[in-house]
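Q: Structure for the following, please:
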Amino acid sequence: MPVLNLKSDFAGADDLATQMTEIGRRARAASRGIALASAQAKDLALRAVAESIREAAPTILRENARDVTAGKAAGLTAAIIDRLTLDEARVSAIAEAVEKVAGLADPVGRQLAAFERPNGLLIERISVPLGVVGVIFESRPNVTADAGALCLKAGNAAILRAGSDSHRTATAIAAAMSEGLARSGLPADAIQLVPTRDRAAVGLMLAGLDGCVDVIVPRGGRSLVERVQSEAKVPVFAHLDGVCHVYVGAQADLGMARTVLLNSKMRRTGICGAAETLLVDAAVAETHLKPLIEALLESGCAVRGDETVRAADPRVSPASEADWRTEYLDAIISARVVDGLDAAIAHIEANGSHHTDAIITDDNEAATRFLNEVDSAIVVHNASTQFADGGEFGFGAEIGIATGRMHARGPVGVEQLTTFKYRVHGSGQTRP
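A: Below you'll find the predicted structure:
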């Protein structure tokens with residue numbers, strides 16, 4: 001394995017700009033080689049990367065332990081520490097996720113459309129890589145491998161900038177990935193991790209590194225994503241928050257509602273697909289509200305509710321207006337009773353983040369309206385919001401969940417990391 005350079009900062013602003021520009025240039029050069037690599041070459045490289053991660057597990061876990069110790073000393077929440085922490089099983093899962101990406105169909109070179117014009121021109125629309133993808137992320141170190149693998153499969157180079165919380169772990173994972181690429185004969189610079197915690201590096205990436213960055217993907221809290229969306233000079237795939245809702249409709253089965261709600265909220269509280277608000281239809285409040293609130297409380301989840309919810313259980317604390325728009329990423333949920341489907345949809349539109357929202361109901365007509373009218377990247381009927389995940393969609397993994405409306409929406413997997421070009425075949429035609 002290569003020696004890890006865990007230096008946290010460059011010598012100065014000029015040195016940082018020079019180093020970042022060089023990272024961009026190397027990524028651009030690598031992207032040309034990766035874009036032309038065969039599907040077999042990319043898959044062999046990904047399998048080599050996975051094996052390299054397994055071999056580097058002791059180093060990765062040692063550096064992760066340092067990150068976790070520093071995070072606890074800094075007062076990070078239990079949910080963030082959970083996102084940060086790796087063990088042997090999680091490192092193995094990281095390697096397995098890379099191998100799953102290798103098993104996906106090659107998204108590059110697909111014929112997306114083909115048609116013939118009256119003048120005899122044959123026109124094809126063909127999928128091609130985006131180029132160089134910059135990924136800026138916080139806390140969760142597995143993003144290093146997921147993002148690098150997905151970008152590679154889609155024929156792109158990746159510049160990864162980890163948060164200070166996970167910097168040591170991400171550096172170790174990225175070093176292992178570069179080693180795997182080098183073994184396979186593909187450019188090691190196709191996956192680079194920014195070797196600094198300096199926040200100025202983010203600004204340089206957002207400026208595009210002299211035209212070397214084609215798209216930015218931020219994965220982190222609101223402050224990071226707002227900064228990216230405000231400052232970026234290149235396109236951005238992003239979401240601000242995961243304010244996800246579970247709406248228990250008028251014809252919801254109570255047992256299903258309880259099971260789905262607890263999974264949506266408590267399976268992992270620190271992920272963006274975790275439910276943050278429970279909406280219960282007034283038509284079933286008398287029968288469903290109290291047992292649902294009790295189930296949440298008994299599972300260790302704090303509940304902040306409106307007057308009706310507080311009346312159902314004295315352990316519920318009052319919800320403020322801000323609670324309806326808060327992504328807790330913790331064992332906390334807001335809850336209210338709504339007067340029917342229209343009110344539920346209106347609440348989600350006013351307070352949601354267009355990420356993932358679910359309805360629990362046996363009424364197919366109501367479910368159809370919810371799925372059609374709720375303007376979120378992912379809408380769910382009778383299932384957990386925590387299925388908002390690229391792996392669960394069969395994408396192998398994801399680089400993020402996009403909640404915008406341009407190019408990519410929902411889990412950003414290998415297909416979303418491509419664009420297209422037109423190939424025009426003629427036989428001497430000229431335009432009159």
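Q: Report the mean per-residue pLDDT for stretch 183-195.
A: Mean pLDDT, computed over stretch 183-195, is 95.
Q: before we move on, what about stretch 18-30?
A: Here the average pLDDT along stretch 18-30 is 96.
Q: Work out the gap between it and the centre of the chain.
A: 25 Å (C-alpha atoms, centre = their mean, to the nearest Å).
Q: Please report the number of neighbouring residues for G400.
A: Neighbour count of G400, defined by other C-beta atoms under 10 Å: 27. Where you see a C-beta, it was placed from the backbone N, CA and C, and this is true even at glycine.
Q: With the one 4 residues further on instead?
A: The number of residues packed around G404, counting by other C-beta under 10 Å, is 15.
Q: How about I136?
A: 28.
Q: Make sure it is actually in contact with I216.
A: Yes: using C-beta atoms under 8 Å, I136 is in contact with I216, at 6.7 Å.
Q: Common neighbours of the two, please.
A: 205, 228 (C-beta atoms under 8 Å, 6 or more residues apart in numbering).
Q: can you give me the helices for the stretch 201-350 of the chain?
A: 222-231, 254-266, 290-298, 307-312, 341-351 (DSSP state H, counting those that start in this stretch).
Q: Of those helices, flag the one that's most buried.
A: The highest average neighbour count among those, using mean count of other C-beta atoms under 10 Å, belongs to helix 254-266 at a mean of 20.
Q: Show me what that helix is packed against.
A: strand 244-248, strand 275-281, helix 290-298, strand 356-360 (3 or more C-beta pairs under 8 Å, 6 or more residues apart in numbering; DSSP states H and E).
Q: remind me which residues of the stretch 1-150 of the chain are low pLDDT?
A: 1-13 (pLDDT under 70).
Q: still on that earlier bit, I'd like the helices of the stretch 201-350 of the chain laid out as JSON lines, including distance to V248 and mean pLDDT.
A: Converted to JSON lines, these look like this (distance: least, C-beta to C-beta, whole Å; pLDDT from 0 to 100):
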{"stretch": "helix 222-231", "distance to V248": "27", "mean pLDDT": "86"}
{"stretch": "helix 254-266", "distance to V248": "5", "mean pLDDT": "98"}
{"stretch": "helix 290-298", "distance to V248": "7", "mean pLDDT": "98"}
{"stretch": "helix 307-312", "distance to V248": "12", "mean pLDDT": "97"}
{"stretch": "helix 341-351", "distance to V248": "9", "mean pLDDT": "98"}
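Q: Format the ones you listed as CSV; extra columns: distance to E63.
A: Below are these laid out as CSV (distance: least, C-beta to C-beta, whole Å):
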stretch, distance to E63
helix 222-231, 22
helix 254-266, 30
helix 290-298, 37
helix 307-312, 44
helix 341-351, 40
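Q: can you tell me how far G404 sits from A274?
A: Note on G404: its distance to A274, by C-beta to C-beta, to the nearest Å, is 21 Å.
Q: any idea what sits nearest R110, other than its immediate chain neighbours?
A: S127 (4.4 Å; C-beta to C-beta, 6 or more residues apart in numbering).
Q: residue contacts, A114?
A: Here A114 is in contact with 122-125 (criterion: C-beta under 8 Å, 6+ apart).
Q: hmm, try it at 10 Å
A: Residues in contact with A114 (C-beta atoms under 10 Å, 6 or more residues apart in numbering) are 122-126, 423, 425.
Q: Flag every buried residue along stretch 77-85.
A: Residues of stretch 77-85 classed as buried: 79-81, 83-85 (neighbour count, 16 or more other C-beta atoms under 10 Å).
Q: Among those residues, which ones are in helices?
A: 79-81, 83-84 (DSSP state H).
Q: closest to V91 among these?
A: V91 lies nearest to L84 out of those, by C-beta to C-beta, at 13.3 Å.
Q: how close does the closest residue in space to E415 that isn't next to it in sequence sit to R54?
A: Excluding the flanking residues, the one nearest E415 by C-beta to C-beta, 6+ apart is P107, at 4.8 Å. Distance of P107 to R54, given as C-beta to C-beta: 26 Å.
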